[in-house]
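Novice: Provided below are the primary sequence and the corresponding predicted coordinates.
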Amino acid sequence: MKIHQKLTILGLATAFILPTGCTDLLDEPLQNVQRVEETDYTQTENMMLLVYGAYAELNELQWESFPTISVRGDDVNPAGDQEALTRTDLFEYDRNFWLYNSTWLNLYSDIIYWHGAMEEILKYQEAGADLAQTNQYIAELKVMRSFELLILARLWENILIPTSSQPRDLYNVEVSSFEEVMQHISEQMDEAIPNLATVRPNQRTDIPGGISRYTALAVKAMANLELGNYQAVADATGEIIANGNFALMDDYYQLFKIPGKLSNESLLELQYSDYGTATGTVNRYLWDFFGPASWAPAVSGAGGGWGFWEPSSTYVKFMLDRGERERLETTVLFTPDGIVAIQSDPDYATLPSWVSNTSPDGDVFNNHPRYKFLSGKFYLPSNQLTEGRFTYGENKNFSVIRYSEILLMHAEALTSGAASSVMSADEAVNLVRSRAGMNALSGVTLDQVLDEKYAEFGTEWGIRFFDLVRHGKTSALSYEGRTFSESDRYLPYPLEQLDILPQLAEFENP
């Protein structure tokens, strides 16, 4: 989609006709609601439609955005037919690649959309809507906006920070440096935090799973990690830990399945539902991206997918070396060819007896020329599909920020020089290790924290790649024929954006 087409779609009006039963429009984008010139902003009950629409926009993760964000670590490889994505994983970037441009547009369209919603909520506030409630909703939108700004900067370093709902205003926005973006995010979270609910997301009754104070603290911690402001990271994560309301789900495998939806571990997840019915649609293509192209599901007729997301053999061997089972069995689905490929290395000729191409739920994963392994965290067992449903992954949520990441960011900050009276690095790491059935460590080092994050977050959100480049530990990224250099840290701006936004040219990544 061309930039001017997308900008036209994003030309949000600031008034809507709000029909009876407005909650039915939870999944309707704002631009699909009929626009009028006169909205009665005194009808504050209609404000909730804006909030529903904002969350629907957050949940609408386009399949192509995730691999663009997540593909470059040593934990995962692309396995599909997108040659330029494979080259991206090899640090050979093509600014003409449609996934880059689509990801840029997807993220910026979300952010501009949320600006429009914030502007509307302010009008309800000016018309007499409850001040605390409107400030809370605006704060939630700031968290959404900041999380996606963080992603944009991690991908492209120096980016534009939108200031309004008018896409044309981007033409006049100066480019902000990576550090300026992270500082902006941290300051935005400082503004948002006092106005947010002090509950776990799954304790919210108005929007179950909605953003809370602790989600904002997590985003603040992420931004300050990138700034190397480790004390701020320790303070933000320490407040979440000290709250005592979050806990790791006992079963790591089920955490990524239906039983793990909106668990006490979740600080943010993208939510999908089939409402327990045999008909209706959810975000099909998101799950198709991860699903097996050849399998024998335990539930006859259950559909598969494209098989585009393959854990790396480097990750498999790393986990075998650690004696991991629960996290490896959860993250990696083996095919017969994958097992043979691992065993072809004499150091792994004998594998643990549990290694199999059959999942604990009885689904069998067959060989396919596209891949040797499949991504288990994005796998929904066929026996967890709602009766009458057969589309791969339907009714499964998509994890974004978990309490284990809070614990390990806390440990990362402490092993990088920060102090905390809430929890030691050893305690934080060992909580995560205990859940996985691993022995406790003492005197934890930064390298051990990063290894624990590798084990815990393999194939998720590019966490591994961003950890390694942030700490300058990039030798691990030169693996399986790849060669990483510091110039490979950021993607080049999409060519279509350079054509439209001339201010990017000065900061163009080679």
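Specialist: Arrived safely. Since we're looking at a predicted model, the values are computed, not measured. Numbers count the residues shown, from 1 in each chain.

Novice: mind listing the helices for the stretch 1-150 of the chain?
Specialist: Ranges of helices within the stretch 1-150 of the chain are 3-9, 47-59, 65-70, 83-89, 98-126, 131-156, based on DSSP state H, counting those that start in this stretch.

Novice: what's the closest of those to Ser434?
Specialist: Shortest distance between Ser434 and the helices of the stretch 1-150 of the chain, using CB to CB, is found for helix 65-70: 26.8 Å. Every residue, glycine included, has its C-beta placed from N, CA and C.

Novice: so which strand or helix has the residue most central in space within the chain?
Specialist: Closest residue to the average C-alpha location of the chain: Val400 at 4.1 Å, with CA atoms, centre = their mean. Per DSSP states H and E: Val400 is located in strand 398-402.

Novice: what about that strand, average pLDDT?
Specialist: On average, the pLDDT along strand 398-402 is 97.

Novice: now what about that strand, what contacts it?
Specialist: Here strand 398-402 makes contact (CB atoms under 8 Å, 6 or more residues apart in numbering) with 61, 147, 215, 218-219, 255-256, 260, 265-270, 272, 286, 377-378, 460-461.

Novice: so what does the helix or strand following it touch, helix or strand wise?
Specialist: As assigned by DSSP H and E, the chain's next helix or strand after strand 398-402 is helix 403-414. In this structure, helix 403-414 packs against helix 213-227, helix 230-243, strand 266-270, helix 425-435, helix 446-457, with contacts taken as 3 or more CB pairs under 8 Å, 6 or more residues apart in numbering; DSSP states H and E.

Novice: ranking those by burial, who's on top?
Specialist: Among the helices and strands packed on helix 403-414, helix 213-227 has the highest mean neighbour count (mean count of other CB atoms under 10 Å), at a mean of 25.

Novice: which helices and strands does that helix pack with?
Specialist: helix 131-156, helix 178-192, helix 230-243, strand 266-270, strand 398-402, helix 403-414.

Novice: so how far is the strand holding Val400 from its chain's centroid?
Specialist: 6 Å (CA atoms, centre = their mean, to the nearest Å).

Novice: Now do it against helix 47-59: the angle between them, please.
Specialist: Strand 398-402 and helix 47-59 meet at an angle of 100 degrees, taking axes from the mean of the first three to the mean of the last three CA atoms, to 10 degrees as the criterion.

Novice: Could you list the buried residues of strand 398-402?
Specialist: Phe398, Ser399, Val400, Ile401, Arg402 (16 or more other CB atoms under 10 Å).

Novice: For that strand, which strands pair with it and how are they oriented?
Specialist: strand 266-270 (antiparallel) (DSSP bridges).

Novice: following the strand it pairs with, which helix or strand comes up?
Specialist: As assigned by DSSP H and E, the chain's next helix or strand after strand 266-270 is helix 284-288.

Novice: taking the mean pLDDT, what do you get for that following helix?
Specialist: Confidence for helix 284-288, expressed as mean pLDDT, is 83.

Novice: Could you export stretch 493-501 as PDB, CA atoms only?
Specialist: The C-alpha coordinates for stretch 493-501 follow below in PDB (Å, rounded to 0.1, in the frame of the first residue of the first chain):
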ATOM      1  CA  TYR A 493      14.300   3.200   5.900                       C
ATOM      2  CA  PRO A 494      11.700   1.800   3.500                       C
ATOM      3  CA  LEU A 495      12.300   3.400   0.100                       C
ATOM      4  CA  GLU A 496       8.700   4.600  -0.200                       C
ATOM      5  CA  GLN A 497       9.100   6.500   3.100                       C
ATOM      6  CA  LEU A 498      12.300   8.200   1.900                       C
ATOM      7  CA  ASP A 499      10.400   9.300  -1.200                       C
ATOM      8  CA  ILE A 500       7.600  10.800   0.900                       C
ATOM      9  CA  LEU A 501       9.400  12.100   4.000                       C
END
